[in-house]
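J.: Need coordinates for the below:
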Amino acid sequence: MFRLHTSVVFAIIVVFHVVVRTAEAQAATPPPAPVPCSLKSNTSCEECLHNVACLWCIPTKACIEYPVKNILPPGSVCHLNDARWGVCWLNFQALIITASVLAGVIIIAVIVCCCCCCKCDRIGNRKEDARVERQNRARKENQKARRSEMQMRHDEIRKKYVMKHKEKGKPWM
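T.: Prediction:
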């Protein structure tokens, strides 16, 4: 279980490191001014998608600005099966489905990890509680043994004291 948590943390660190390095590299070299998407119509998908703000529509061979007001491009612009964004070999519908499945898997993995951590904490707490309970019982037993030992010593001292007083003929109290 510990190895699973370690590997997840390591993967997160590696991803964070890659993102930071990419951000640093992009910050170091300013990007060239983007060419408007409409100028790349009737070219190729690869040419259009050099600019991440562009969307390629296969049937019309149109390179258009991605409609950022909508999360998904409406059917009037281009059908999801015919739209390409980011890469030419993957249609927009498959991209959305793949991203949704990956997001679902990541969410489920996080929930499972959280549940496992909580379960381990509860088991650890139970073990800790049992250990503390055993220590308390042992402490009480030791305390009882010491009390009975002290009581025996006190009784012996009382007997000796009473015997000495009786021998001398003095009253006990």
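J.: can we go C-alpha only for contacts and neighbour counts from here?
T.: Fine.
J.: How about residue 42, nearest residue that isn't a chain neighbour?
T.: Among residues not flanking residue 42 along the chain, residue 61 sits closest, at 5.3 Å (CA to CA, 6 or more residues apart in numbering).
J.: What is the helix or strand encompassing residue 159 packed up against?
T.: Using DSSP states H and E, residue 159 maps to helix 92-168. Counting by 3 or more CA pairs under 8 Å, 6 or more residues apart in numbering; DSSP states H and E, the packing neighbours recorded for helix 92-168 are strand 83-84.
J.: so the residue nearest to residue 42 makes contact with residue 41?
T.: Yes: using CA atoms under 8 Å, residue 61 is in contact with residue 41, at 6.2 Å.
J.: Now tell me what touches stretch 35-55 from outside.
T.: Contacts with stretch 35-55, where a contact means CA atoms under 8 Å, 6 or more residues apart in numbering, come from 34, 56, 58, 61-66, 83-88.
J.: Repeat the analysis, applying 10 Å as the threshold.
T.: Around stretch 35-55, the neighbours that count as contacts under CA atoms under 10 Å, 6 or more residues apart in numbering are 34, 56-58, 60-68, 73, 77-78, 83-89, 92.
J.: How about stretch 56-63?
T.: Residues from elsewhere that reach stretch 56-63, judged by CA under 10 Å, 6+ apart: 36-49, 53-55, 64-66, 77-88, 91-92.
J.: Quick check: mean pLDDT of that stretch?
T.: Stretch 56-63 comes out with an average pLDDT of 90.
J.: Any idea how far apart the tips of it sit?
T.: Terminal residues of stretch 56-63 are spaced 5 Å apart (CA to CA, to the nearest Å).
J.: same check, this time on stretch 69-82
T.: 20 Å.
J.: List the buried residues of it.
T.: By 16 or more other CA atoms under 10 Å, the buried positions in stretch 69-82 come out as 73, 78, 79, 80, 82.
J.: and the fourth one, what does it touch?
T.: In other words, residue 80. Here residue 80 is in contact with 57, 72, 73, 74, 91, 92, 93, 94, 95, 96 (criterion: CA under 10 Å, 6+ apart).
J.: Then the first one?
T.: Applying CA under 10 Å, 6+ apart to residue 73 gives the contacts 55, 66, 67, 79, 80, 83, 92.
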